[in-house]
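> Let me see the structure of the following:
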Amino acid sequence: MLRLALYAVALQSIAYAIAKAPLFAFTGSTARELERLRGLMGISPTAAVSASVLLYSLLGVPPLLGFWGKLYLFLSTSGYTVWLTLAALINSGVSAVYYIIASRELLTKQERPPTPPAMKYKIALAIAALLILVLGIVAPLFMSSLISVYL
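Numbering: from 1, shown residues only. This next block holds a predicted model:
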């Protein structure tokens, strides 16, 4: 179980780093308030969908990379204590509200759209979203081979 926990932490750290870096750069340069991002889908669908994919990965939606990190974390903690797993599940449930609200604001269309993001942020979001998706598909294959060797 310890090896599974270490792999889970590594996988979750990679998922968070890939998702949060472009999201923070994008929101830091575009708008500091969520309302100012409302309607991004109308002017930049690539940025809106890519940012939403990254938010869904942080949320833990399959088959994105964040799902596998959370799943392996929950599995490894369930081997030690149910209370730790329960605390992690409650924490994920609370954070889900914020991720869903942010994604909803990005994906709605508005009559007065925000200013379009710079091309470098669109590219960073798109690359990160693609990476999260590809790694999310490959990660369970890689993890299953590692787990079978070490367990």
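
> Quick check, residue 137 in contact with residue 63.
Yes: with contact defined as Cβ atoms under 8 Å, residue 137 counts as touching residue 63 (5.7 Å). Backbone N, C-alpha and C define where each C-beta goes, glycine included.

> Give the closest residue to residue 16 in space, chain neighbours not counted.
Closest residue to residue 16 apart from its sequence neighbours, by Cβ to Cβ, 6 or more residues apart in numbering: residue 58 at 7.1 Å.

> Might one say that the one you found is in contact with residue 98?
No: contact criterion Cβ under 8 Å: residue 58 and residue 98 do not qualify, at 9.4 Å.

> Between these two, point out the one with more neighbours.
Using other Cβ atoms under 10 Å as the criterion, residue 58 and residue 98 rank with residue 58 on top: 24 against 13.

> for the protein, what helix or strand is lowest in average pLDDT?
helix 119-150 (a mean of 85; mean pLDDT, DSSP states H and E).

> residues of that helix that come out buried?
For helix 119-150, burial by neighbour count (16 or more other Cβ atoms under 10 Å) applies to 121-122, 124-126, 128-129, 131-132, 135-136, 139-140, 143.

> now the helices for the protein?
In the chain, the helices defined using DSSP state H lie at 2-30, 40-43, 45-59, 65-78, 82-107, 119-150.

> Quick one: low-confidence residue ranges for this structure.
1, 31-32, 111-113, 144-151 (pLDDT under 70).

> Now do the contacts for residue 27.
residue 37 (Cβ atoms under 8 Å, 6 or more residues apart in numbering).

> Next: residue 51.
Residue 51 touches 23, 26, 40, 103, 106, 125, 129, counting by Cβ under 8 Å, 6+ apart.

> Looking at these, spot the one nearest residue 52.
Residue 52 lies nearest to residue 103 out of these, by Cβ to Cβ, at 4.4 Å.

> Not counting residues beside it along the chain, what's closest to that closest one?
That would be residue 52: by Cβ to Cβ, 6+ apart, it lies 4.4 Å from residue 103.

> Roughly how far does that neighbour sit from residue 76?
28 Å (Cβ to Cβ, to the nearest Å).
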